[in-house]
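Novice: Just the structure for this:
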Amino acid sequence: MDAAWLAQRIADPSARGIAAALTDLIRQGTVTAQTRLPTVRGLARELGVSSGTVAEAWAELRKHGMIKTDRRRGTVVLGPPNVPRPIRYERLGHWGDRLAIDLTIASPDTALLPPLESALIAASRAEGLNDYARETITPRLRAAVEPSWPFPARSWLAVGGGYEGVQLLCQTTALPGDRIAIEEPTGARLLDILETIGVQLIPVACDEDGPLPGSLAEALRARPVAFVYQPRGQSPCGHAVTPERSTELADLLEPAKTLIVEDDGIGELSVSPMVSMGARFPDRTVLVRSYSKSHGPDLRIAVIGGAADAVERVRVLRSFGTGWTSRILQDALAHLLGDAAVREGVAHARQVYADRRARLAAELATRGVRTGGRDGLALWVPVRDEAAALVTLAAHGISVAPGSRYVIDPVPHHHLRLATARLTDDPEELSALADVIALAAGRRLSAST
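Specialist: Numbering: from 1, shown residues only. The predicted structure follows:
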């Protein structure tokens, strides 16, 4: 495409105007797929603007999947705008229907979830149902969750699951181009969410005790607007932050204005105590606690509690859409949290999940494949070659998640993430599974490899 031709069709030479004009041309079919766009400098010269203005417009079009930049061909058109897709999450594994063992998604064992009938019946009789008054959290749910909250929350809100809570907090805190510090590896869906928001991701390396202070200190030099981490049950690695590590991290965050987002993804299923920085920074810490894996995915409930300003921004954004989370679902969860039998059932599930994870880790260790972590519903397994390991496991009817989906940029050491919540309890079957995983790993490895 000739730069002068395109410049003549751009009435507003701002970044937004350039992106809008090219979007119209692509939608109309005037500019078709595989058209090579002029260089950033060439178009900037024709428009009389800086190269940065054109680059910003290109970035906006790239975010919506309309163009891509190839080193050999330059920047080419892909087609009309599309809805951003969670690429990492969608590519966790599509190996066909013949697979017998699915270790891809860390979903709960349905046999270990509490029955919902009595909770839903009790919730359906609650006062105030079908009122259009927007209730951030029902009194019953707040009374049920507040005693176990690790710090005095300034504000509360029930949302539709843990990922929604983290997404809305980041979306209402960061503008496109802002920086967010996040532990690495981390949840594939979380990386998809943050990339869709258009922020720059600053990785923070971790060990068994959580984010490394030195790495966080380096990340804070970039002045991120938020730091997102999982204090316990970390996915994919199973880290759990110790009180000592939390103090070290808090010391680094003391002079910053960074919002601290704590993602407690498995909540009451974690075998590790909750260590929060909210007690030290109650005005800029928000904890997101999900109850999907412990009490039922179809409840679609997470509670966010903490810094009033951050929670209020989420409430305002939700007012454009759903407005509030169903009172029936909120009070159903409150009923479950207050039921002694359900609490016993959750404690039993916690132990079963921990045993399943530990048994597979032990089986792999005897075969020279040493995994790390001590909490969570997954194992982070080092392998020689990710692609070869995936193919080997698929050939044996086993689906797992590739480790590359859980990191920001490609890394030299390869891993797989194995969901352990639904593992077999049969020792012989587990031994056979470990044999195949060790075969796929390719050689004797350790978690530090």
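Novice: the helices in the stretch 251-400 of the chain, which residues?
Specialist: Here the stretch 251-400 of the chain has its helices, by DSSP state H, counting those that start in this stretch, at 292-295, 308-318, 327-338, 340-366, 386-395.
Novice: Export those as TSV, with columns for mean pLDDT and distance to Ala126.
Specialist: Glycine gets a C-beta too; all of them are placed from N, C-alpha and C. Shown next, in TSV, are these (pLDDT from 0 to 100; distance: least, CB to CB, whole Å):
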stretch	mean pLDDT	distance to Ala126
helix 292-295	96	17
helix 308-318	97	21
helix 327-338	97	5
helix 340-366	97	18
helix 386-395	93	47
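Novice: In space, what's closest to Ala361 - neighbours in sequence excluded?
Specialist: Thr371 (5.1 Å; CB to CB, 6 or more residues apart in numbering).
Novice: Against His415, how distant is Ala441?
Specialist: Note on Ala441: its distance to His415, by CB to CB, to the nearest Å, is 10 Å.
Novice: Next, show the common contact partners of the two.
Specialist: Common neighbours of Ala441 and His415 are listed as Val381, Pro382, Val383 (criterion: CB atoms under 8 Å, 6 or more residues apart in numbering).
Novice: So which of the residues you listed are in strands?
Specialist: Val381, Pro382, Val383 (DSSP state E).
Novice: Just give me the closest of those residues to Gly29.
Specialist: Gly29 has its nearest neighbour among those in Val383, at 46.2 Å by CB to CB.
Novice: In this structure the closest one contacts Leu416, no?
Specialist: Yes - Val383 is within contact range of Leu416, at 5.7 Å (criterion: CB atoms under 8 Å).
Novice: which residues do these two both contact?
Specialist: With CB under 8 Å, 6+ apart, Val383 and Leu416 have common neighbours Ala389, Gly403, Ala440.
Novice: my read: the second one touches Leu379, true?
Specialist: Translated: Gly403. No - under the criterion of CB under 8 Å, Gly403 is not in contact with Leu379, lying 11.1 Å apart.
Novice: quick revisit: with mean neighbour count added, can I get the helices of the stretch 251-400 of the chain in JSON lines?
Specialist: Output for those, formatted as JSON lines (neighbours: other CB atoms under 10 Å):
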{"stretch": "helix 292-295", "mean neighbour count": "25"}
{"stretch": "helix 308-318", "mean neighbour count": "18"}
{"stretch": "helix 327-338", "mean neighbour count": "24"}
{"stretch": "helix 340-366", "mean neighbour count": "17"}
{"stretch": "helix 386-395", "mean neighbour count": "17"}
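Novice: Out of these, flag the one nearest Val166.
Specialist: helix 308-318 (10.2 Å).
Novice: any idea how far that closest one is from the chain center?
Specialist: Remark: helix 308-318 is offset 19 Å from the chain centroid, using CA atoms, centre = their mean, to the nearest Å.
Novice: by contact count, what packs against that helix?
Specialist: Counting contacts by 3 or more CB pairs under 8 Å, 6 or more residues apart in numbering; DSSP states H and E, helix 308-318 is packed against strand 155-159, helix 162-173, strand 302-306.
Novice: Kindly recompute the last result at 7 Å.
Specialist: Here helix 308-318 touches strand 155-159, helix 162-173, going by 3 or more CB pairs under 7 Å, 6 or more residues apart in numbering; DSSP states H and E.
Novice: Show me the one of these that comes nearest Ala256.
Specialist: Taking the helices and strands packed on helix 308-318 one by one with CB to CB, helix 162-173 is closest: 13.5 Å.
Novice: need the next SSE after the closest one, C-terminal direction.
Specialist: strand 179-184 (DSSP states H and E).
Novice: got a list of contacts for that following strand?
Specialist: Residues from elsewhere that reach strand 179-184, judged by CB atoms under 7 Å, 6 or more residues apart in numbering: 170, 174, 194, 199-206, 211, 216, 219-220, 222-230, 407-408.
Novice: Filter those residues down to just the buried residues.
Specialist: 170, 174, 194, 199-204, 206, 211, 216, 219-220, 224-230, 407-408 (16 or more other CB atoms under 10 Å).
Novice: OK, contacts around Ala389?
Specialist: Contacts of Ala389 by CB under 7 Å, 6+ apart are Val383, Leu416, Ala440, Ala441, Gly442.
Novice: and of those residues, the nearest to Val314?
Specialist: For the contacts of Ala389, the residue nearest Val314 by CB to CB is Leu416; the value is 34.2 Å.
Novice: Give the bridge partners for that closest one, please.
Specialist: Val381, Pro402 (DSSP bridges).
Novice: Relative to Val261, how far out is it?
Specialist: 27 Å.
Novice: ok, now Arg356?
Specialist: Applying CB to CB to Arg356 and Val261 gives a distance of 29 Å.
Novice: for Val288, same thing?
Specialist: Taking CB to CB, one finds Val288 at 7 Å from Val261.
Novice: The stretch 1-150 of the chain: strands as residue ranges?
Specialist: 67-70, 74-77, 101-102 (DSSP state E, counting those that start in this stretch).
Novice: Nearest to Leu25 among those strands would be which one?
Specialist: strand 74-77 (9.1 Å).
Novice: what comes up buried for the closest one?
Specialist: Thr75, Val77.
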